[in-house]
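Peer 1: Structure, please.
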Amino acid sequence: QVQLVESGGGLVQAGGSLRLSCAASGSIFSINAMAWYRQTPGKQRELVASITTGGTTNYANAVKGRFTISRDNAKNTVYLQMNSLKPEDTSVYYCNADVRTVAGRDYLYNYWGQGTQVTVSS
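Peer 2: Predicted structure coming up:
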């Protein structure tokens, strides 16, 4: 079994910064892409940013230039540095990872974290 545990959410004023972390643990052989999504009530979950094992990144237009995704492969951890936060960034942020487990190395399994709340006040 694999678990993704997010941390770092909270309440911040507009213009402020937060750093989210997501650590993967369990029976992990390797991790391919990792990503951050967000979801607000009544809306679909949307991709915020993703990063490959080699460090290639992709960002939603709404966060380009403000958010930075990074990862530490040795720690099986992905980060999201969020700067210049806006009230519209308020959401629950979810970590996502494509994982090859020790028992199932030939397959990629997709896992989600439990989510962490980010609230940006105006």
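
Peer 1: For the rest of this, base every contact and every neighbour count on C-alpha atoms.
Peer 2: Noted.

Peer 1: What are the neighbouring residues in contact with the residue nearest the centre of the chain?
Peer 2: Nearest to the geometric centre of the chain sits Trp36, at 2.7 Å (Cα atoms, centre = their mean). The contact partners of Trp36, taken as Cα atoms under 8 Å, 6 or more residues apart in numbering, are Leu47, Val48, Ala49, Ser50, Leu80, Tyr93, Tyr94, Cys95, Asn96.

Peer 1: From these, pick the one nearest Thr57.
Peer 2: Distance to Thr57, by Cα to Cα, is smallest for Ser50 among the contacts of Trp36, at 5.6 Å.

Peer 1: List the residues that contact that closest one.
Peer 2: Ser50 touches Ala33, Met34, Ala35, Trp36, Thr57, Asn58, Tyr59, Ile69, counting by Cα under 8 Å, 6+ apart.

Peer 1: Run through the bridge partners of it.
Peer 2: With DSSP bridges as the criterion, Ser50 is bridged to Ala35, Asn58.

Peer 1: about what we covered before: which of the contacts of Trp36 has the most neighbours?
Peer 2: Counting neighbours by other Cα atoms under 10 Å, Cys95 leads the contacts of Trp36 with 29 neighbours.

Peer 1: Check that residue and give its pLDDT.
Peer 2: The confidence metric pLDDT takes the value 98 at Cys95.

Peer 1: can you check Ser91 too?
Peer 2: 98.

Peer 1: Counting neighbours, what do you get for Arg38?
Peer 2: Using other Cα under 10 Å, Arg38 is surrounded by 22 other residues.

Peer 1: so which strand or helix has it?
Peer 2: strand 28-39 (DSSP states H and E).
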